[in-house]
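**Student:** Using only what follows, build the 3D model:
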Amino acid sequence: MVPLMRPRLLTFVALASATSLIGIQLTRASATAQVAAGKDPPSDSTPPMIASPGPTDVVMHNVDFRQAPGIVLGIRAIEGRMHSVKHGVVDFDDKMSYILTVDTGHVVLSADVLTTLMNNYVFAYRGAPLKHLQVMTRGTSLGLRGTLHKGVDIPFDMTSAVSLTPDEKMRLHPTKMKIFGVDGLILMRALGLSLQKMVDLSGAKGVVAQGNDLILSPLVLLPPPVIQGHIVAVRVGPGGLEQDFGKSKYVVRGGPLPDSTARNYMLYRGGTLHFGKLYMTDAELLVVDLDTHDPFDFDNDRYQKQLVAGHSRTLPSLGLEVYMPDADKVGAAGAVASKSSPR
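**Tutor:** Numbers count the residues shown, from 1 in each chain. Predicted structure coming up:
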């Protein structure tokens, strides 16, 4: 019987090899066709096509979310969802792979963060009319100091009342202005001038002038990831510019927090997540701050160092709970620079 089986085995191997070769040729042909059509061919890093459908619900509490260098969102509480825009996967290693929609929440931007936004994002282009800007809080008003370039450099210092427009933008209405040390509002009124006439903001990101007012689109100012939501209130508090989100009818899927002892945390439920070499379908991921004495300092661009310096456990639901030290407590090599408080 053995001699009779060998031809069949050889035939099977030959058919398998031919099928594999045909598959490789078809894959190459498909990639060539995509290139010819102006599309990028699939890469080896393309996430698997099998993914849990739907968005990933997000709950964050007391998190200082480092969105980019110098840009920290003081998230006191938010509920929302992340929508994948690539392969149906929310990829933590690719900030362009998802959109975060905030349904309800309270977020604070400090004066230092607003200063960085103004200089490095809003007016970070050649020929910008405003430069060397510094933002500060003055009671319930916002201060803006810098240089206005109009043929010559004109130093200015402006104090503005902050309010929300009907289309959910932020209005800075000057109540005081100093130009060359004199009352700028009286001077401009006497000369028939306004900020709108004096400065060309066509190249600026997320800001326009209306008369002497500056109208800012708060979510447009921010670097990726893209954040959406309805802003229902803005005000200036001791910590900086406070923004409240609301109006959404979306209900974040319920259920108790997997760890009732967590104080500063990020919770992700549903959809498919990718981070590092791991994929989670029908995700349940709880990221917890090791130090409860201050907000969770999370670095979105360099979270891997925090992940390596922390530890994790499997939840009874087979989800994952990850304990991380604050970003400012992790050294360059990924070691914890100072001892975190015990849990």
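**Student:** Against Arg313, how distant is the most centrally placed residue in the chain?
**Tutor:** Nearest residue to the geometric centre of the chain (C-alpha atoms, centre = their mean): Pro225, 3.7 Å. According to C-beta to C-beta, to the nearest Å, Pro225 stands 27 Å off from Arg313. Any C-beta I mention is one placed from the backbone N, CA and C, and that applies to glycine too.
**Student:** now swap in Val63 and tell me
**Tutor:** 20 Å.
**Student:** more neighbours, these two?
**Tutor:** Between Val63 and Arg313, Val63 has the larger neighbour count (other C-beta atoms under 10 Å), namely 23 against 10.
**Student:** so who does the residue nearest to the centre of the chain touch?
**Tutor:** Taking C-beta atoms under 8 Å, 6 or more residues apart in numbering as the criterion, Pro225 is in contact with Gln67, Lys95, Met96, Tyr98, Ile99, Leu100, Asn300.
**Student:** Quick check: pLDDT value at the fourth one.
**Tutor:** The model reports Tyr98 with a pLDDT of 95.
**Student:** my guess is Gly310 meets Asp289, correct?
**Tutor:** No: using C-beta atoms under 8 Å, Gly310 is not in contact with Asp289, being 9.7 Å away.
**Student:** tell me, what's touching these two both at once?
**Tutor:** In contact with both Gly310 and Asp289: Tyr323, Met324, using C-beta under 8 Å, 6+ apart.
**Student:** Those two: which is more packed in?
**Tutor:** Asp289 (29 against 19).
**Student:** quick one: contacts for that one?
**Tutor:** Asn62, Val63, Ala262, Arg263, Asn264, Tyr265, Pro295, Phe296, Tyr323, Met324, Asp326.
**Student:** Kindly state the pLDDT recorded for it?
**Tutor:** 97.
**Student:** show me where the stretch 201-343 of the chain has strands.
**Tutor:** Secondary structure of the stretch 201-343 of the chain by DSSP state E, counting those that start in this stretch: the strands cover 207-210, 213-216, 226-229, 231-237, 240-245, 265-269, 272-275, 278-281, 284-289, 296-299, 311-314, 320-324.
**Student:** got TSV for these, with distance to Pro55 too?
**Tutor:** Below are the strands of the stretch 201-343 of the chain laid out as TSV (distance: least, C-beta to C-beta, whole Å):
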stretch	distance to Pro55
strand 207-210	30
strand 213-216	28
strand 226-229	12
strand 231-237	20
strand 240-245	16
strand 265-269	10
strand 272-275	10
strand 278-281	14
strand 284-289	14
strand 296-299	20
strand 311-314	24
strand 320-324	19
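**Student:** Between these, which one is closest to Pro53.
**Tutor:** strand 272-275 (8.7 Å; C-beta to C-beta).
**Student:** rewinding a little: write the ChimeraX selection for whichever of the contacts of Pro225 are buried.
**Tutor:** Applying 16 or more other C-beta atoms under 10 Å to those leaves a buried subset, and the ChimeraX line that selects it is:
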select :67,95,98,99,100,300
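**Student:** from the contacts of Pro225, which is closest to Val89?
**Tutor:** The closest of those, once distances to Val89 are taken by C-beta to C-beta, is Tyr98, at 8.5 Å.
**Student:** Relative to Asp183, how far out is the residue nearest to the centre of the chain?
**Tutor:** 43 Å.
**Student:** Repeat that for Ser84.
**Tutor:** Ser84 is 53 Å from Asp183, by C-beta to C-beta.
**Student:** what about the two, which has more around it?
**Tutor:** Taking other C-beta under 10 Å, Ser84 and Asp183 do not tie; Ser84 has more neighbours (22 against 13).
**Student:** All the helices of the stretch 1-150 of the chain, in order from the start?
**Tutor:** Assigned by DSSP state H, counting those that start in this stretch, the helices in the stretch 1-150 of the chain fall at 2-36, 111-117.
**Student:** and these, which one's lowest on average pLDDT?
**Tutor:** Across these, helix 2-36 gives the lowest mean pLDDT, at a mean of 37.
**Student:** quick one on the thing from earlier: quick one: the residue nearest to the centre of the chain from Ile78, how far?
**Tutor:** 13 Å.
**Student:** One more: Val122?
**Tutor:** For Val122 relative to Ile78 (C-beta to C-beta), the value is 23 Å.
**Student:** How many neighbouring residues does the closest residue to Asp91 other than its chain neighbours have?
**Tutor:** Closest residue to Asp91 apart from its sequence neighbours, by C-beta to C-beta, 6 or more residues apart in numbering: Ser97 at 3.9 Å. Neighbourhood size, Ser97 [other C-beta under 10 Å]: 21.
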